[in-house]
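Enquirer: A predicted structure for the sequence below; I have some questions about it.
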Amino acid sequence: MNEWPDGWSGDGRDRYGRGSGGARPESARAMPHVQRPRSGDGAYGGGYGGGPHRAEPPLPPNLSPHRPGVPGQRDQGYDDYLDDGYSQGEVYGGGRGGGRPPHGQSYGRPAPRWGRRIRIGTLTLLVVVLAASVGTYFWADSKLRREVDLSKVEDRPEAGEGTNYLVVGSDSREGMTDQDKKDLHTGSAAGKRTDSMMILHVGANGSTMVSLPRDSWVTIPAFKGSETGRQYPASQNKLNAAYSRDGAPLLVRTVEYNTGLKIDHYAEIGFAGFAKIVDAVGGVEMNIPQDIKDDKSGADLKKGTQTLDGKQALAFVRTRYALAGSDLDRTKNQQKFLSALANQTATPSTVLNPFKLYPTMGAGLDTLIVDKDMSLWNLARMFWAMKDISGGEGKQLNMPTSGAAPMGSLRWDMPKVKQLMSELKNDQKVTIGNE
């Protein structure tokens, strides 16, 4: 019995694309393109596609979706699948032509969006660097010892152009053990005295470092004791006596009184802090001009280029009895060393290496005493100026002197001193040379 309606047979090889008994595999058979009618015309109107069907073979009764017992189907006809590739003659079943995606598109997992990933990675890195920088700034700022109040300094001169720092190395033994004092040959003297003093001028015409010999014969102006409240008259004495009498404020006032130059910032470091900074940066390379042997400072250095550790560096900058020019030669060595130290501290190998940067900053900031208005920016500018001097972009010299004075001191050459201080105050190019 033929179950196919209206004379259709189950053979259908040339019409349907694949019969139930087709000998050819599905992947090798192609669906012919069929033009479907859009209205109710055709042999089998009222099909399940939401409108009249086109002239195409019906399904056998046992496969019909309308046979009894089959649940109702969603109202969707063949017209909804015009772009599935079947009506374009593509191979049925995913043959060579059937799996090819449209131009410009791809099936499966989408390609990674590298541009977006790079932007996100860059932004994340910037946020991390910014957070680390801000954290480092506040950490370093909190460690600065702002102990010197320059507002207490009396009778100050008018400010000039540029910025003037008074950089002081003291013989403070604060924080040193008995073994430290023995190793560094510092002795055990009580109190604090200045071991070196320098004016560092930073301006538009470059940086200038002027060493002030501690044995300079100067006038210590009248002052009121910061602790006793007692009034002291003016007197003649060595420059380092001002620091011994009333500390940093009186030293600043004495320098200003004898030079006419206003000091904007003050920075002081003791023996222990100096040695720690040198060790933290891994030592400082110096060219020693001559063999140096000094029992008082502990220096035992050979002529030539070498890297000095903290102990050797401290001995080098303190040595004066083994030098022909005594205190004047010592101040020159101190200038050279500080410039070399600043130059090495500001190198990328230190600044970009947190394992060297943080110990260096910690060693320096823990022992560095500054004025209350000193910011990290001011401090960094001071070190960069020293670095410039080391690189030949600035000038370094001793305060001009003209011979001996009482108590084995040095007398300043006042005409040259006045010219030098005038050039610094007006931020002019320094014409005074080193002696």
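Expert: Alright, I've got the coordinates.

Enquirer: Return, as residue ranges, the portions of the stretch 301-435 of the chain with sub-threshold pLDDT.
Expert: Flagging of the stretch 301-435 of the chain using pLDDT under 70 yields the residue ranges 347-353, 355, 357-358, 363-364, 435.

Enquirer: where along it do the strands fall?
Expert: Assigned strands in the stretch 301-435 of the chain, in chain order: 304-308, 368-371, 395-398, 401-405, 409-412 (criterion: DSSP state E, counting those that start in this stretch).

Enquirer: repeat for the stretch 101-250 of the chain
Expert: For the stretch 101-250 of the chain, the strands defined by DSSP E, counting those that start in this stretch cover 145-148, 163-170, 194-203, 206-211, 217-220, 223-224, 231-232, 235-238.

Enquirer: Dump the fifth one to CSV, keeping only the CA atoms.
Expert: Output of strand 217-220 as CSV, limited to C-alpha atoms (Å, rounded to 0.1, in the frame of the first residue of the first chain):
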residue,chain,number,x,y,z
TRP,A,217,88.0,84.1,62.2
VAL,A,218,84.6,85.8,62.4
THR,A,219,82.3,87.9,64.5
ILE,A,220,79.7,86.0,66.5
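
Enquirer: buried set for it?
Expert: W217, V218, I220 (16 or more other C-beta atoms under 10 Å). For glycine as for every other residue, the C-beta is placed from the backbone atoms N, C-alpha and C.

Enquirer: Report pLDDT for the first one.
Expert: This means W217. Here, the pLDDT recorded for W217 equals 96.

Enquirer: How about the last one?
Expert: In this prediction, I220 carries a pLDDT score of 96.

Enquirer: which residues touch it?
Expert: Counting by C-beta atoms under 8 Å, 6 or more residues apart in numbering, I220 touches A234, S235, Q236, N237, A241, A242, R245, L250, T254.

Enquirer: Please determine how far the closest residue to Q419 other than its chain neighbours is located from G273.
Expert: Spatial nearest neighbour of Q419, excluding adjacent residues (C-beta to C-beta, 6 or more residues apart in numbering): I432 at 6.1 Å. Noted for I432: a distance of 32 Å to G273, by C-beta to C-beta, to the nearest Å.

Enquirer: and the two? which has more neighbours close in?
Expert: Higher neighbour count among I432 and G273: G273, with 23 against 19, using other C-beta atoms under 10 Å.

Enquirer: my guess is the more buried one meets D366, correct?
Expert: Yes. The criterion here is C-beta atoms under 8 Å, and G273 meets it with D366 at 7.0 Å.

Enquirer: Please, where are all the helices along the protein?
Expert: 13-16, 114-143, 178-183, 239-259, 271-280, 310-318, 327-345, 348-351, 354-367, 376-390, 414-425 (DSSP state H).

Enquirer: Quick one: closest of the ones you listed to L212.
Expert: For L212, the closest of the helices of the chain is helix 239-259, at 6.1 Å, according to C-beta to C-beta.

Enquirer: of the contacts of I220, buried ones?
Expert: The neighbour-count test (16+ other C-beta under 10 Å) marks N237, A241, A242, R245, L250, T254 as buried among the contacts of I220.

Enquirer: Would you point out the most distant pair within those residues?
Expert: Spanning the widest gap among these are N237 and L250, at 11.3 Å by C-beta to C-beta.

Enquirer: From Y257, how far off is L397?
Expert: In terms of C-beta to C-beta, L397 sits 21 Å off from Y257.

Enquirer: any chance of the buried residues of strand 217-220 in a markdown table, with distance to K143 too?
Expert: Output for the buried residues of strand 217-220, formatted as a markdown table (distance: C-beta to C-beta, whole Å):
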| residue | distance to K143 |
| --- | --- |
| W217 | 38 |
| V218 | 34 |
| I220 | 33 |
